[in-house]
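J.: Build me a structure from this.
(2 chains, ligands or ions: 2)
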Amino acid sequence: MSAMPSIPAIEVQALGKRFGDFAAVSNVSFAVERGEILGFLGPNGAGKSTVIRLLCGLLRPTSGRITVDGIDVGRDPEAVRRRIGYMSQKFSLYSDLSVLENLQFFGGVYGVPRQAIGERIQDALRMAGLAGHADTPVHALAGGWKQRLALGCAILHRPRVLVLDEPTSGVDPLSRRRFWDLIHDLAADGVTVLVSTHHMDEAEYCNRVALIDRGRIVALDTPANIRRRALDGELVEVRGTPLGRLLEALAAYPPVRDAAVFGNAVHALLARAADEAPALAAYLAGRGIGEVAVARIEPTLEDAFVRMIGRQAQGAGGAA
Amino acid sequence: MLERIWHILVKEFLQIRRDRWARFRLLVPPLLQVLVFGYAATFEVFGVATAVLDLDHSQESRALVAAFAHNPHFGIVRMAASQREAEAAIDDSSAAVAIVVHAGFAAALRKGQPAPLQVLVDGTNSNSALIALGYVGAIVDTYSQAYQNDLLGRINPKLARTLVQIRLDERPWYNTSLNSRWFFVPGVIATITLIMVVNLTAFAVVREREMGTLEQLMVTPIRPFELIVGKTIPFFCIGLALMTAVTLTGTLWFRVPFRGNPLVLLLGTSLYLLSTLSLGLTISTLCKTQQQAFATNFFLVNPLFILSGFSFPIASMPAFLQWLTYANPVRYFIVIIRAVFLKGVGVAVLAPQLLALAAIGAVLMGVATLRFRKSLD
Ligand SMILES: Nc1ncnc2c1ncn2[C@@H]1O[C@H](COP(=O)(O)OP(=O)(O)O)[C@@H](O)[C@H]1O
Ligand SMILES: [Mg+2]
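T.: Numbering: from 1, shown residues only, chains lettered A, B, ... in the order given. Ligands and ions are numbered 1, 2, ... in the order given. Here you go, the predicted model:
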């Protein structure tokens, strides 16, 4: 992809957005190549939606510049919007209209040519798995179908860039999987996709992910690279009861570089897991923790994210 | 552009058609209000329970009793045989009014002397009692005039006819009370239309903002002005239909006369709707949630109503408030609708009001369009 010198589908330079005194987005820069899927990953309030809205021209940046297909969003937002298919994080269909009426409305206002609209609506229905349900009112659809229909509406005008803000939130795992299949199909056709999520596991579906925390990009790389680089050590999963005492004991143990609760276990970072694990188990047993079990695990993106944000916070705390 | 507006229109009408609650809100309360106001504003009663005691037993007294019997305002429930029976009918509330024709009634009439007629009224419902007394007065008046004419007629028939005709011209009906209804119903129509249109328009936009679909619309090629046109036309149509429905109720049911040209009313209504729709749109650009819109409407619509001259004369307001009324579309429309209904005047006379409405509409529409940017900032 990067071998061919071409304009990136999306280019963001030193983007900043303040709401009053509050900096929701600070100094964000990234570029997305054609046909690439870039994931925005971060907790609620990190600033994902704000970046996405800036990109669609729905908000005006305090600083920085955004271009889509080489077109400056600040200068010609309408031209940019014509190239973008957008799904906002709120549910964005008319639930009192039927499936078909929604498609007809969005096709109509996007100016899809009359001779093409019928076929594209059929495509969208097939893609959403709603063929034969054209007259169903949208409020009667389950979450997964709604999201696929919203995607169908957002691509009726065949945009080259797709911007999806948490399209899979509130959708069951199977439907999420299906939704990502659709995104991959679109990307295979050359559509550039920017998609935000707070489901860490979904990052694995992206070509690259940007980890966003408190308005900043803290890492931007392929999921594999992020996992590898973020952790300066090896990860073990530690089980034991009670969980609270376990976490305290681990945090107080010098060889443990970092410890965080994941489910009903604690993930701890060690320099060399194989050498240090037996001593760790003995230490915990000595602190009165029962049923101790220590096992080496492969880090997930979530581990990486937690570690990176922890380092950021330490850095910020030290500087202040 | 027209294509996009068309698609917005289709969508809006579909949504209104689907929304049963909106349909209910659109139709029932306005008609109900016209009915309630129409009745409350008339100080008119029908079929007042009446007891009659005729102690004279003359041709004249029978004619007078017949006049009451034929009048729809009275319903004779009892022919009493004695004064005590007539009073008892009032006491036990079986009659609200008792009319007693004393002996010597006819004799006095024939001599041209005051012929005493006793009227007993149930004072516990003072309102309808007073109204009933008014009717009694009217009936007795007519009766005595007719009697006089009759007497004169026997002397000189020509003179009698002229007199009768003159009286008919001067006092067509004895229904000063009806006039208050005539005066009220058009005003009610104006204010109901205001409340409905402002509410509907404001909510139509704010609901989309709250649901999140407005954000979706902003990324489409729809221009602000297209959205505004698409959002206003349906409510303009609804407003016109509403006006027609309540106007028909007023004229057909309450028999409020319609003396003017319907086209003049249509013009006035259109300009009025334009200004109220724009007001609703302006509110919608200021509010983020339906709750805010509701509160804003509430705080705006009441002063508009009070400062309209509908129920409180503008001339008796403090000067400052009088100035405020000039910005109130309701004020102008009340003048227009009353004038068209009751006076039948045309565009020439109403030009100041029509122009004022057009100006208010244009200013508010401008404000709404300027404020309605495709931006969430
Ligand atoms: N219009 C706004 N006015 C003020 N603050 C806002 C506005 N929009 C977002 N924020 C704040 O900016 C931060 C980032 O929000 P957002 O971009 O929605 O986060 P995310 O999508 O990652 O959950 C949050 O703290 C949020 O409260
Ligand atoms: Mg968000």
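
J.: Would you map the helices across the stretch 101-250 of chain B?
T.: Listed in chain order, the helices of the stretch 101-250 of chain B (DSSP state H, counting those that start in this stretch) span B:105-111, B:126-155, B:157-170, B:176-211, B:213-218, B:224-248.

J.: What residues of the last one count as buried?
T.: This points to helix B:224-248. Using 16 or more other C-beta atoms under 10 Å in any protein chain shown as the test for burial, helix B:224-248 gives B:224, B:226-236, B:238-239, B:242-243, B:245-247. (Glycine included, C-beta is placed from N, CA and C.)

J.: Okay, angle between that helix and helix B:176-211 too, please.
T.: If you take axes from the mean of the first three to the mean of the last three C-alpha atoms, to 10 degrees, helix B:224-248 sits at 150 degrees to helix B:176-211.

J.: Tell me which helix or strand comes right after helix B:224-248.
T.: Scanning forward in sequence from helix B:224-248, with DSSP states H and E defining helices and strands, the next element found is helix B:262-286.

J.: Against which helices or strands is that following helix packed?
T.: Using 3 or more C-beta pairs under 8 Å, 6 or more residues apart in numbering or on different chains; DSSP states H and E as the contact test, the elements touching helix B:262-286 are helix B:176-211, helix B:224-248, helix B:290-306, helix B:329-338, helix B:347-371.

J.: close to chain A, is the last one?
T.: No - looking at helix B:347-371 against chain A by C-beta under 8 Å from any C-beta of the partner chain, there are no contacts, and the closest approach is 15.7 Å.

J.: Closest residue of chain A to chain B?
T.: Going by C-beta to the nearest C-beta, chain B is nearest to A:Lys90 of chain A, at 2.7 Å.

J.: On the three-state scheme, that residue is what?
T.: The local conformation at A:Lys90, judged by DSSP: H, G, I helix; E, B strand; the rest coil, is coil.

J.: From ligand 2, how far out is it?
T.: Taking C-beta to the ion, to the nearest Å as the measure, A:Lys90 and ligand 2 are separated by 9 Å.

J.: Which residue is the nearest non-sequential neighbour of that residue?
T.: Ranked by C-beta to C-beta, 6 or more residues apart in numbering or on different chains and with sequence neighbours excluded, the top spatial neighbour of A:Lys90 is B:Gly212, at 2.7 Å.

J.: Number of residues surrounding the one you found?
T.: By the criterion of other C-beta atoms under 10 Å in any protein chain shown, B:Gly212 has 14 neighbours.

J.: try B:Pro352
T.: So B:Pro352, with other C-beta under 10 Å, has 10 neighbours.

J.: Ligand 2 contacts on the stretch 1-150 of chain A?
T.: A:Ser49, A:Gln89 (C-beta under 5 Å from the ion).

J.: try 8 Å this time
T.: A:Asn44, A:Gly45, A:Lys48, A:Ser49, A:Thr50, A:Ile52, A:Gln89 (C-beta under 8 Å from the ion).

J.: which of those residues has the most neighbours?
T.: Most neighbours among these, by other C-beta under 10 Å: A:Lys48, with 26 neighbours.

J.: show me what contacts the closest residue to that residue other than its chain neighbours?
T.: Counting by C-beta to C-beta, 6+ apart, A:Lys48 lies nearest to A:Ser196, which is 4.1 Å off, once chain neighbours are set aside. By C-beta atoms under 8 Å, 6 or more residues apart in numbering or on different chains, the contact set of A:Ser196 is A:Gly39, A:Phe40, A:Leu41, A:Gly42, A:Lys48, A:Ser49, A:Ile52, A:Gln89, A:Leu164, A:Asp165, A:Glu166.

J.: Mind putting the residues you listed into CSV with distance to B:Ile337?
T.: Formatted as CSV, the contacts of A:Ser196 follow (distance: C-beta to C-beta, whole Å):
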residue, distance to B:Ile337
A:Gly39, 61
A:Phe40, 57
A:Leu41, 62
A:Gly42, 59
A:Lys48, 54
A:Ser49, 49
A:Ile52, 51
A:Gln89, 48
A:Leu164, 53
A:Asp165, 49
A:Glu166, 52
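
J.: from those residues, which single one is nearest B:Thr142?
T.: The closest of the contacts of A:Ser196 to B:Thr142 turns out to be A:Gln89 (C-beta to C-beta; 76.9 Å).

J.: For the nearest residue to that closest one once chain neighbours are set aside, grab the count of nearby residues.
T.: Once flanking residues are discounted, A:Gln89 sits nearest to A:Asp165: 4.0 Å by C-beta to C-beta, 6+ apart. Using other C-beta under 10 Å, A:Asp165 has 23 neighbouring residues.

J.: ok, A:Asp165 touching A:Phe91?
T.: No - using C-beta atoms under 8 Å, A:Asp165 is not in contact with A:Phe91; the gap is 11.3 Å.

J.: which residue is nearest the middle of chain B?
T.: The centroid of chain B falls nearest to B:Val185 when counting by C-alpha atoms, centre = their mean (0.7 Å).

J.: so B:Phe310 touches B:Gly187, yeah?
T.: Yes - B:Phe310 lies in contact with B:Gly187 (C-beta under 8 Å); the separation is 4.3 Å.

J.: what phi and what psi does the backbone show at A:Val161?
T.: When quoted as degrees, to the nearest 10, the phi and psi of A:Val161 stand at phi -130, psi 130.

J.: Same question for A:Leu194.
T.: The phi/psi pair for A:Leu194 (degrees, to the nearest 10) is phi -120, psi 120.

J.: on that earlier part again, ok now do the residue of chain A closest to chain B, which residues does it touch?
T.: Neighbouring residues of A:Lys90 by C-beta under 8 Å, 6+ apart: B:Met211, B:Gly212, B:Glu215.

J.: pretty sure the first one contacts A:Leu93?
T.: No - with contacts counted by C-beta under 8 Å, B:Met211 stays clear of A:Leu93, the gap being 9.3 Å.

J.: neighbour-wise, which of these two wins?
T.: Legend: neighbour count by other C-beta under 10 Å for B:Met211 and A:Leu93, higher for A:Leu93 (26 against 17).

J.: returning to that earlier point: will you turn the residues of the stretch 1-150 of chain A next to ligand 2 into JSON lines that also has distance to A:Thr222 and pLDDT?
T.: Converted to JSON lines, these look like this (distance: C-beta to C-beta, whole Å; pLDDT from 0 to 100):
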{"residue": "A:Asn44", "distance to A:Thr222": "25", "pLDDT": "89"}
{"residue": "A:Gly45", "distance to A:Thr222": "26", "pLDDT": "91"}
{"residue": "A:Lys48", "distance to A:Thr222": "19", "pLDDT": "95"}
{"residue": "A:Ser49", "distance to A:Thr222": "24", "pLDDT": "95"}
{"residue": "A:Thr50", "distance to A:Thr222": "25", "pLDDT": "96"}
{"residue": "A:Ile52", "distance to A:Thr222": "21", "pLDDT": "95"}
{"residue": "A:Gln89", "distance to A:Thr222": "25", "pLDDT": "89"}
